[in-house]
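Visitor: what follows is a predicted structure for the sequence shown.
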Number of protein chains: 2
Amino acid sequence: MDLSEGFIAVDWGTTNRRAYRIDPSGARGEEFEDGKGILSVAAGGFPEAIAEIRTRLGDLPLLLAGMIGSNRGWVEAKYVACPAGIGDLADALVWAGEREAIVPGVSYVGDGRGDVMRGEEVQLLGAVAGGQVPSRALVCHPGTHNKWVHVDKSRITSFRTVMTGELFNLLKQHSILADLLAGEAEAGDAFERGVTHALENADLPAELFAVRARVLLGEAQREDAPSYASGLLIGTDVRIGLSGLVPGDVFVMGRPELIRLYAAAIRSAGRKAIELDGEESFLTGIRTIAERIAN
Amino acid sequence: MDLSEGFIAVDWGTTNRRAYRIDPSGARGEEFEDGKGILSVAAGGFPEAIAEIRTRLGDLPLLLAGMIGSNRGWVEAKYVACPAGIGDLADALVWAGEREAIVPGVSYVGDGRGDVMRGEEVQLLGAVAGGQVPSRALVCHPGTHNKWVHVDKSRITSFRTVMTGELFNLLKQHSILADLLAGEAEAGDAFERGVTHALENADLPAELFAVRARVLLGEAQREDAPSYASGLLIGTDVRIGLSGLVPGDVFVMGRPELIRLYAAAIRSAGRKAIELDGEESFLTGIRTIAERIAN
């Protein structure tokens, strides 16, 4: 693909998309974010949604990552199996058109488990390529579905997904706890109590109900409920993620408000947490892929 | 209250109500069930909803149990604290009118926990009064919110709620697993695998995501997903419920399709499970309360 005039990098998720023009020098140019996630694009609507990006950022080649390559996206880009490095992603690009390449996701099968990711791999391997994450590391990538990722020799060797963010949203929007969870979760005392409980007890679906019971019985403050419940969920997630006995620091990348909560919970579990900017890492990752396919 | 002409017993829940005419002899007379749970009754609408019951079953005194006594119901009946026997419920009836009495719920505070029940206590203590459950027992009462209940000297001494049914419904209706969970869960091999996994691993929010990942990767059959996910949730529930080290048989009461699944999971955990009919026990409980207030 001819990238001599630069290209457009798109992180295209389920509910949002973010597009960046990358200049020939590699510099970050104009960009935008909107709510046109893959679920809002009707069948057959992707060529138009792509044309719209070019109208805004320029008539350039596109490198697309995220759910755009899923079976609900534009063209399916099958998963690359672990171990998967940034070169493996570049080698497995799927060409949706002559100037539109889709980055595949990564899959893991082992330990009697199976797991998949799509979107996080570019950020994560971008951070490795950029030197923010060492060639051997444990990475925590919070989001709707948090990913615990083992990196070795600069490749993703295994990972595990915990559906913490989605469970919190379900409880907040549709459950008997909905009215109690309306406020924002914050990394204070109530959050800390929830994390500590979850690190020491494996009783999440019982303790979640107790959030409501305690308020009804005057044993807990109503306003602490969102932070306590968030602490329970994230503490459970951290207990699961750290149970593999891999020692050392944990690199945490993703949305700032989430990485702050996860980093606090990881510190409560006695580990050092290093917070990273996921957006810059995405751009590093996508630039690295672009360099490999430029001709 | 003059019960010489019999009375009407109502089990009034969040989404349904069931009403029974009990004849002066104690025999079960006419009855009906409908979808007029408390959430479907508008503010101020209870007198009319009550009158409707009398139109159908007779102009008799009413004994009402369940969510009708909650803060979203007709008149609030505060919780009776553990230890609570059937006599304690009768002593704490709340009179919404001269001929309408509401049975209170039960609360537990201890071990740094707080918990509440409303509705299950009549069934449960009815089973004790009727001799189906011994005076000292561990009872499992599945529903939207499963209850693990310790009975001693014929009173509820402590209990713990696990929000298994609600979590399964949230996942089935609103989550990324929704399309996979559309079928019915059955107590076969896939259910058993889920139970075994959950009894041995405390990783529910990770393993739930793996249900989808395995199907995407061709590592599991799509049609097994509802039973496997149900097994994961119920197995987690059973692991939590049996973790108190109370030995002996487990009495399981509630809706038939649920008690079958729970009894299977309890047996997988190496315990004997005895299945009971919750409806008959409700009537035994409400008759016992009626005898105590008859004058």
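Guide: Thanks, I have it.
Visitor: how about the residues of the stretch 151-295 of chain A near chain B?
Guide: Where proximity means Cβ under 8 Å from any Cβ of the partner chain, the interface of the stretch 151-295 of chain A facing chain B comprises A:160-164, A:166-167, A:170-171, A:173-176, A:202-206, A:208-210, A:213-214, A:216-217, A:219-220, A:233, A:236-237, A:239-240, A:243. All C-beta atoms are positioned from the backbone trio N, CA, C, and that covers glycine.
Visitor: and the residue of chain A found nearest chain B, how many neighbours?
Guide: For chain A, the residue positioned closest to chain B under Cβ to the nearest Cβ is A:Ala202, at a distance of 3.2 Å. A count of neighbours around A:Ala202, defined by other Cβ atoms under 10 Å in any protein chain shown, yields 19.
Visitor: identify the residue spatially nearest to it, adjacent ones excluded.
Guide: Here the nearest residue to A:Ala202 in space, its sequence neighbours aside, is B:Ala202; by Cβ to Cβ, 6 or more residues apart in numbering or on different chains that works out to 3.2 Å.
Visitor: helix/strand/coil for the one you found?
Guide: Each residue gets one of three states, and B:Ala202 gets coil by DSSP: H, G, I helix; E, B strand; the rest coil.
Visitor: residues in contact with it?
Guide: Listed by Cβ atoms under 8 Å, 6 or more residues apart in numbering or on different chains, the contact partners of B:Ala202 are A:202, A:239-240, B:236, B:239.
Visitor: same deal with A:Ala187?
Guide: A:227, A:260-261, A:264.
Visitor: repeat the analysis, applying 6 Å as the threshold.
Guide: Counting by Cβ atoms under 6 Å, 6 or more residues apart in numbering or on different chains, A:Ala187 makes contact with A:260-261, A:264.
Visitor: doesn't it lie inside a helix?
Guide: No - secondary structure of A:Ala187, determined by three-state DSSP: coil, with no helix assignment.
Visitor: quick check: pLDDT value at it.
Guide: What the model reports for A:Ala187 is a pLDDT of 95.
Visitor: distance of the closest residue to A:Ile293 other than its chain neighbours from A:Arg99?
Guide: Closest residue in space to A:Ile293, ignoring its immediate chain neighbours: A:Met1 at 5.5 Å, by Cβ to Cβ, 6+ apart. Using Cβ to Cβ, to the nearest Å, one gets 7 Å for the distance from A:Met1 to A:Arg99.
Visitor: any idea how far B:Ile86 is from the residue nearest to A:Glu100 when sequence neighbours are not counted?
Guide: With Cβ to Cβ, 6+ apart as the measure, A:Leu62 is the residue that lies nearest to A:Glu100, at 4.8 Å, once sequence neighbours are left out. A:Leu62 sits 71 Å away from B:Ile86, taking Cβ to Cβ as the criterion.
Visitor: likewise A:Gly143?
Guide: Computed with Cβ to Cβ, the distance linking A:Gly143 and B:Ile86 is 50 Å.
Visitor: in terms of neighbours, single out the busier of A:Leu62 and B:Ile86.
Guide: Using other Cβ under 10 Å, the more surrounded residue of A:Leu62 and B:Ile86 is B:Ile86, with 25 against 22.
Visitor: what's the more buried one in contact with, if anything?
Guide: Taking Cβ under 6 Å, 6+ apart as the test, what B:Ile86 contacts is B:125, B:129, B:288.
Visitor: looking at those, which is nearest B:Pro256?
Guide: Ranked by distance to B:Pro256 (Cβ to Cβ), the contacts of B:Ile86 are led by B:Leu125 at 20.8 Å.
Visitor: is that closest one in contact with B:Gly285, as I believe?
Guide: Yes - counting by Cβ atoms under 6 Å, B:Leu125 touches B:Gly285, with 5.4 Å between them.
Visitor: between these two, which contacts overlap?
Guide: Between them, B:Leu125 and B:Gly285 have no joint contacts when contacts are counted by Cβ under 6 Å, 6+ apart.
Visitor: around chain B, pick out the residues from the stretch 1-150 of chain A.
Guide: Near chain B, the residues belonging to the stretch 1-150 of chain A are A:107, A:113-116 when assessed by Cβ under 6 Å from any Cβ of the partner chain.
Visitor: residue boundaries of the strands in the stretch 1-150 of chain A?
Guide: Using DSSP state E, counting those that start in this stretch, the strands of the stretch 1-150 of chain A run over A:7-12, A:17-22, A:28-34, A:62-66, A:80-81, A:94-97, A:100-102, A:106-110, A:113-117, A:137-141, A:146-152.
Visitor: so who does A:Gly143 touch?
Guide: Listed by Cβ under 6 Å, 6+ apart, the contact partners of A:Gly143 are A:165, A:254.
Visitor: tell me the mean pLDDT over the helix or strand where A:Val252 lies?
Guide: Using DSSP states H and E, A:Val252 falls within strand A:250-254. Model confidence over strand A:250-254 averages 95 on the pLDDT scale.
Visitor: can you tell me what sits against that strand?
Guide: So strand A:250-254 is in contact with A:133, A:137-143, A:259, A:262-263, A:266, A:271, A:273-276, A:278, going by Cβ under 6 Å, 6+ apart.
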